[in-house]
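**Q** this one's structure only:
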């Protein structure tokens, strides 16, 4: 599938009807999502034929992108049931098979299950400090092949140091810097749209770590 075709599919997905600020719910735009998954597949071969988990899947954008790019099995995990309902409808509309699960990432137990690749657009940790690193810590335990994640560019040094030092990563690489369009979703937003610089990371777990 070509990049423009993937972006077009993702651009038609329903997004949050009632976003929850405490969960830092922001839609993953089709521009960023398509490039994130297209790169994961075409540059690294981490999607097609793989078992992919989407952490904090929201309305299912990254899950659906993974399925469209030929993932063997996709599981989308989120704590919010309303978002999962929308995600299920989106997947049904595009006729892709995804297993959506309601679960707090911090309580996730995937022992005995093999996940090749984790993809995620985690909370930036603006409302709940450390939320982004919590997502990363779990992802690095679960993924056997790679973790793809979006984080504010301003946190780049902290992310790299922490992942390599504390989360047993073999490598941590910023693949590209993107512009994340944050729409005016909440009352405290003063502008119709704000651009935030974000990094697309690819983390590779140590192959010999216990799973």
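**A** Received, thanks. This is a predicted model, so every value here is computed, not measured.
**Q** C-alpha from now on. contacts and neighbour counts both.
**A** Fine.
**Q** Low-confidence regions, the chain specifically.
**A** Scanning the chain with the threshold set as pLDDT under 70 gives 16-27, 110-113, 124-128, 181-194, 207-211.
**Q** May I ask you to name the longest strand in it?
**A** Of all segments of type strand in the chain, defined using DSSP state E, the longest is strand 169-183.
**Q** So what pairs up with the spatially most central residue of the chain in the strands?
**A** Within the chain, one residue has its C-alpha closest to the average C-alpha position: by C-alpha atoms, centre = their mean, that is residue 120, at 1.3 Å. With DSSP bridges as the criterion, the beta-bridge partners of residue 120 are residue 55, residue 149.
**Q** quick thing: my sequence starts at 26, can you match it?
**A** Let's use 26 as the start, then, which means that last one is residue 145.
**Q** same for the longest strand of the chain, what does it pack against?
**A** helix 55-67, helix 181-191, strand 218-230 (3 or more C-alpha pairs under 8 Å, 6 or more residues apart in numbering; DSSP states H and E).
**Q** and with 7 Å instead?
**A** Secondary structure elements in contact with strand 194-208, counted by 3 or more C-alpha pairs under 7 Å, 6 or more residues apart in numbering; DSSP states H and E, are helix 181-191, strand 218-230.
**Q** Nearest to residue 55 among the ones you listed would be which one?
**A** Shortest separation from residue 55 across the helices and strands packed on strand 194-208 is recorded for strand 218-230, at 14.4 Å, computed as C-alpha to C-alpha.
**Q** In the closest one, which residues are buried?
**A** Within strand 218-230, the residues scored as buried using 16 or more other C-alpha atoms under 10 Å are 223, 224, 225, 226, 227, 228, 229, 230.
**Q** cool, stretch 172-187 as well?
**A** Residues of stretch 172-187 classed as buried by neighbour count (16+ other C-alpha under 10 Å): 172, 173, 174, 175, 176, 177, 178, 184, 185.
**Q** same check, this time on stretch 60-72
**A** For stretch 60-72, a neighbour-count test (16+ other C-alpha under 10 Å) marks 60, 61, 62, 63, 64, 65, 66, 71, 72 as buried.
**Q** just those now: which is nearest residue 85?
**A** Of all the buried residues of stretch 60-72, the one sitting nearest residue 85 is residue 62; the distance, using C-alpha to C-alpha, is 12.9 Å.
**Q** OK, contacts around the nearest residue to residue 178 once chain neighbours are set aside?
**A** Setting aside the residues directly before and after it, residue 178 is nearest to residue 223 in space (C-alpha to C-alpha, 6 or more residues apart in numbering), at 4.7 Å. Residue 223 makes contact with 175, 176, 177, 178, 202, 203, 204, 205, according to C-alpha atoms under 7 Å, 6 or more residues apart in numbering.
**Q** what's the spacing between the residue nearest to the last one when sequence neighbours are not counted and residue 162?
**A** When you say that, I think you mean residue 205. Closest residue to residue 205 in three dimensions, ignoring its sequence neighbours and counting by C-alpha to C-alpha, 6+ apart: residue 221, at 5.0 Å. Taking C-alpha to C-alpha, to the nearest Å as the measure, residue 221 and residue 162 are separated by 24 Å.
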